[in-house]
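# sequence and predicted structure, then a few things I'm wondering about:
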Amino acid sequence: MTRGEAPDQHFPGPGLSEPDMDAPSRGWVECLLGGFTLETNWEIQPGQVHVLFGPSGAGKTTTLRAIAGLLRPRRGHIEIGGRVVFDATAGVWAPSHRRQVGYLTQQYHLFPHLTVAGNIAYGLPRRVRMGQTGRERVKELVQSLHLEGLEERRTWELSGGQQQRVALGRALAPDPRMLLLDEPFASLDAELRRSLRRELRSMLAASPIPVLLVTHDREEALAMGDSVQVMDAGKLIAQGTPLEVLGQPGRGRVARLVGVENLFRLKVVSRNSRDGTMVCVGDNMRLEVPLDQAESGTAADLEQDYEVSVAIRASDIILAAEEPRGSSARNRLHGVVTSVELRPPGYEVTLDCGRPLRCHITGASLAEMGIKPGLPLWAVFKASSCFLVDEA
């Protein structure tokens, strides 16, 4: 400890102040791990699910570990339930077991020598675990997590979904003031993931605690999140509602991270202010896209051709054997199938339309249309399905 620096203030167990249930969990940290630097911040209201989205190595799990007290940031301030658990300047540091945080990792870390009830009870303080209060809390969680009849089973006798429920029950057992979820559905199959997401969302709706969910799955972020931050290389690069950030991201870097399949650099050749659209061309590709209001400046600017980056999601494209007639869709591109790849729950079909265009279809459509490499098809999509991204 350097001169003038305040000593660490550890929170005593019995005298620990009660958190404010209506207070948000918030903070900011700067962590240095080897050559990796993390700089992030958050504010999560009670009952809100906040998503940290990004690729592996972005710093998502490091953020959770800092909040949980499993690593000590170089600088920062962390509040959980209105109580300061870390402040680098003031020298405040609450150890992890006194932060009242529930933490669920993708490995679950269940104890094989304990039963379902024993694993859930392990999340409770030792003095509560063996008493009547502890047994009632375990019974309550067993019922809410649909684990009735499995209380005496060992973890190796459970399915993956049941193990996930037990791990969640253990995290929720001590009635935490914040819940940290680190890709909790990663090891489950797609259908089970969707089912458990619905159950967890319903349970969290009845439990007004802030939840921080880490994922790199766009579908999961859209289904679970009330708000989202996109992280890359230890920095936050976008934040907002899941639909606005992950649906039609406004920056090229974010679009690539969230998996926008089609991104083209095209030249604007005409504008239609009445319809709010403009025509962009390049490499035998002609697209009608929403007018970029930010670029509509002076008359001189509007007369000059300039390039924009246009993005289209593969799921927004319809494939047709013949050019549609009488359709309101403004974009119709003719191409030849170059590849068909499995992309659960469907397939990704790539057309050569002057540039590769990726489209998503169901297995039923693939079979019905007899789609295979070499087949000529039409790709059809609305102007509103296109969106512009900033490559700056």
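Structure's in. What do you need?

# each with direction, which strands does the lengthiest strand in the chain pair with?
The single longest strand within the chain, with elements called by DSSP state E, is strand 331-343. If you go by DSSP bridges, strand 331-343 pairs up with strand 346-352 (antiparallel), strand 376-381 (antiparallel).

# name the SS class of the residue nearest to Ile120 when sequence neighbours are not counted, please.
Distance criterion CB to CB, 6 or more residues apart in numbering; nearest residue to Ile120, sequence neighbours excluded, is Gly169 at 4.2 Å. Bear in mind the C-beta positions are built from the backbone N, C-alpha and C, glycine included. Secondary structure for Gly169, judged by DSSP: H, G, I helix; E, B strand; the rest coil, is helix.

# list the contacts of Gly169.
Gly169 sits next to Asn119, Ile120, Gly123, Val138, Leu141, Val142, Leu145, Leu147 when contact means CB atoms under 8 Å, 6 or more residues apart in numbering.

# sort those by pLDDT and name the bottom one.
Across the contacts of Gly169, the bottom pLDDT score, 86, is held by Leu145.

# correct me, but it touches Ala167?
No - Leu145 is not in contact with Ala167 according to CB atoms under 8 Å; the separation is 10.0 Å.

# same for the longest helix anywhere in the chain, what does it pack against?
Assignment by DSSP state H gives helix 190-205 as the longest helix of the chain. Helix 190-205 sits against helix 160-172, helix 218-224, with contacts defined as 3 or more CB pairs under 8 Å, 6 or more residues apart in numbering; DSSP states H and E.

# now with 10 Å, please.
strand 49-53, helix 132-144, helix 160-172, strand 178-182, strand 211-215, helix 218-224 (3 or more CB pairs under 10 Å, 6 or more residues apart in numbering; DSSP states H and E).

# between the ones you listed, which one is nearest to His113?
Nearest to His113, of all those, is helix 160-172, at 13.8 Å by CB to CB.

# enumerate the positions of the closest one that are buried.
Gly161, Gln162, Gln163, Gln164, Arg165, Val166, Ala167, Leu168, Gly169, Arg170, Ala171, Leu172 (16 or more other CB atoms under 10 Å).

# okay, and the nearest residue to the third one once chain neighbours are set aside sits in which element?
So the one you mean is Gln163. Nearest non-adjacent residue to Gln163, counting by CB to CB, 6+ apart: Tyr108, 5.5 Å away. Assessed by DSSP states H and E, Tyr108 sits outside every helix and strand.

# wait, Tyr108 sits on Asn119?
Yes - if you go by CB atoms under 10 Å, Tyr108 and Asn119 touch, sitting 9.3 Å apart.

# okay, and the common contacts of those two?
By CB atoms under 10 Å, 6 or more residues apart in numbering, Tyr108 and Asn119 have these common neighbours: Thr155, Gln163, Val166, Ala167, Arg170.

# need the pLDDT of the third one.
Pointing back at Val166 there. In this model, Val166 carries a pLDDT of 93.

# same deal with the one 5 residues further on?
According to the prediction, Ala171 has pLDDT 92.

# wait, it touches Gly123, no?
Yes - using CB under 10 Å, Ala171 is in contact with Gly123, at 6.4 Å.

# overlap of the contact sets of these two?
With CB under 10 Å, 6+ apart, Ala171 and Gly123 have common neighbours Gly102, Leu141.

# circling back: export the helices and strands packed on helix 190-205 to JSON lines and append columns for distance to Leu319.
Formatted as JSON lines, those follow (distance: least, CB to CB, whole Å):
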{"stretch": "strand 49-53", "distance to Leu319": "29"}
{"stretch": "helix 132-144", "distance to Leu319": "44"}
{"stretch": "helix 160-172", "distance to Leu319": "35"}
{"stretch": "strand 178-182", "distance to Leu319": "37"}
{"stretch": "strand 211-215", "distance to Leu319": "30"}
{"stretch": "helix 218-224", "distance to Leu319": "22"}
